[in-house]
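# how would this look folded up:
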Amino acid sequence: MAFAPSSPITGTAQTGLTSPTYTHTADMFPDAAVGKQYAVTALGGTQTGGTVHSVSSPFTFAMIRPKVFKSLGKPNPTTGLIASVPKNPWKINTRHGVTPLAGQPIQNLIITTTVEVPAGSDTADSVNIRAALSCHFGLLSANSAAIGDTIVGGVM
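Residues are numbered from 1 along each chain as shown. Alright, predicted model coming up:
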């Protein structure tokens, strides 16, 4: 199944947010050939002071694929090893306008998860790609509040 998140998205636990949800709609990614983007149009739960997408304060998330997929090269005829295995980078970006100080212009907060998939592993070892993704996103989900507290408080 392709990247097509259902709406609304149920947010994970964060200090100060109660049952957060994010209703979104498809948006135009700047390079539609390589990405899909969605804009957050409504907030649910308790998110006092939270904002939705606007021109001056964006709230979007996107998935971006490689412009050109790289393939695995040929093994060295003597050693049987492939000298350099290229990577196909995928990205998931979230951006949200935030105020750095009252009265100051909004700045974009950007969150990027990059997955660098070694060429060939998508067919030779898909189960371990999925396992790594499962672990990564589970880690983020299960530790959402702690990550937020760490980023806001500055103490790890």
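# Give me the helices and strands touching the helix ranked longest in the chain, please.
Scanning the chain for the helix with the most residues, using DSSP state H, yields helix 126-142. If contacts are counted by 3 or more C-beta pairs under 8 Å, 6 or more residues apart in numbering; DSSP states H and E, helix 126-142 sits against strand 107-118, helix 121-124. Any C-beta I mention is one placed from the backbone N, CA and C, and that applies to glycine too.
# Quick one: residues in contact with that helix.
For helix 126-142, the external contacting residues (C-beta atoms under 8 Å, 6 or more residues apart in numbering) are 12, 113, 115, 117, 121, 122, 147.
# One more pass at 6 Å, please.
The contact list for helix 126-142 (C-beta atoms under 6 Å, 6 or more residues apart in numbering) reads residue 12.
# model confidence over it, on average?
Average pLDDT, helix 126-142: 91.
# So which bits of it are buried?
When neighbours are counted by 16 or more other C-beta atoms under 10 Å, no buried residue of helix 126-142 is found.
# Of all the helices and strands packed on helix 126-142, which one is nearest residue 45?
Nearest of the helices and strands packed on helix 126-142 to residue 45, taken as C-beta to C-beta: strand 107-118 at 19.7 Å.
# Quick check: mean pLDDT of that closest one?
Averaging pLDDT residue by residue across strand 107-118 gives 97.
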